[in-house]
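K.L.:
Sequence isn't available, so here's the structure alone:
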């Protein structure tokens, strides 16, 4: 079952277009080298086997490290607030994080989720754009962008976002379900 998403503003649609035209190269994450991160993304993209699970976990762990224990704590507090369903508290924690670590993609991505959960899709789209500018391979942000675009009826770009996300991490049910849902709907319209 797909979660119904709040409507989002036209400005967010323009941001989505800009995001999808970015390249998929990214700076190194955390203390790992660019080669190590690239190797993890290569493992993640493998459709067979189970090495992708370790790679996904390692990438997500690298994404959660800002380089500062206090900033990492703000991310954890924001995520805990999200888990508790308190989007406004999460926005508060994550705003403190993004103000103090403007180059930390995970802070922007997490705050995008918080804004989205609070029904503030314009700010959510802006934060997704910032997260993806810092880490274009952030597949959860691409999947959320796809869901937001789909909810507004922009199915062509939603499909593009889901496919971009799956090209990075083909093991995501939400993005795969989005592609299936939209291609099935397109096929039904063409018949």
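P.N.:
Now that the structure is in, tell me what you want to look at. Just so we're clear, the structure is a prediction, and the values are computed from it rather than from any experiment.

K.L.:
Read off the pLDDT value for the residue nearest the centre of the chain.
P.N.:
The C-alpha lying nearest the average C-alpha coordinate of the chain belongs to residue 141 (Cα atoms, centre = their mean; 1.2 Å). We note a pLDDT of 97 for residue 141 in this prediction.

K.L.:
Kindly report the same for the one 10 residues further on.
P.N.:
pLDDT for residue 151: 91.

K.L.:
That one: how many residues sit nearby?
P.N.:
17 (other Cβ atoms under 10 Å). No exception for glycine: its C-beta is placed from N, CA and C like everyone else's.

K.L.:
how far away is it from residue 157?
P.N.:
Counting by Cβ to Cβ, to the nearest Å, the gap from residue 151 to residue 157 is 12 Å.

K.L.:
Quick check, residue 75 in contact with residue 65.
P.N.:
No - under the criterion of Cβ atoms under 8 Å, residue 75 is not in contact with residue 65, lying 9.1 Å apart.

K.L.:
Touching both of the two, which residues are there?
P.N.:
Common contacts of residue 75 and residue 65 (Cβ atoms under 8 Å, 6 or more residues apart in numbering): none found.

K.L.:
so who does the closest residue to residue 51 other than its chain neighbours touch?
P.N.:
Take residue 51 and drop its neighbours on the chain: the residue closest to it by Cβ to Cβ, 6 or more residues apart in numbering is residue 43, 4.9 Å away. Residues in contact with residue 43 (Cβ under 8 Å, 6+ apart) are 51, 52, 54, 55.

K.L.:
quick one on the thing from earlier: quick one, which of residue 75 and residue 65 is more surrounded?
P.N.:
Neighbour totals were compared for residue 75 and residue 65, and residue 75 leads with 23 against 17 (other Cβ under 10 Å).

K.L.:
what sits up against whichever strand or helix holds the more buried one?
P.N.:
Element membership for residue 75 (DSSP states H and E) is helix 69-83. Applying Cβ under 8 Å, 6+ apart, the set of residues contacting helix 69-83 from outside is 64-66, 87, 89-90, 93-94, 96-97, 100-101, 104, 106-107, 110-111, 113-114, 117.

K.L.:
Restrict those residues to the buried ones and give me that as a PyMOL selection.
P.N.:
Of those, the buried ones can be selected in PyMOL as follows, counting by 16 or more other Cβ atoms under 10 Å:
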select buried, resi 64+65+66+87+89+90+93+94+96+97+101+104+106+107+110+111+113+114+117
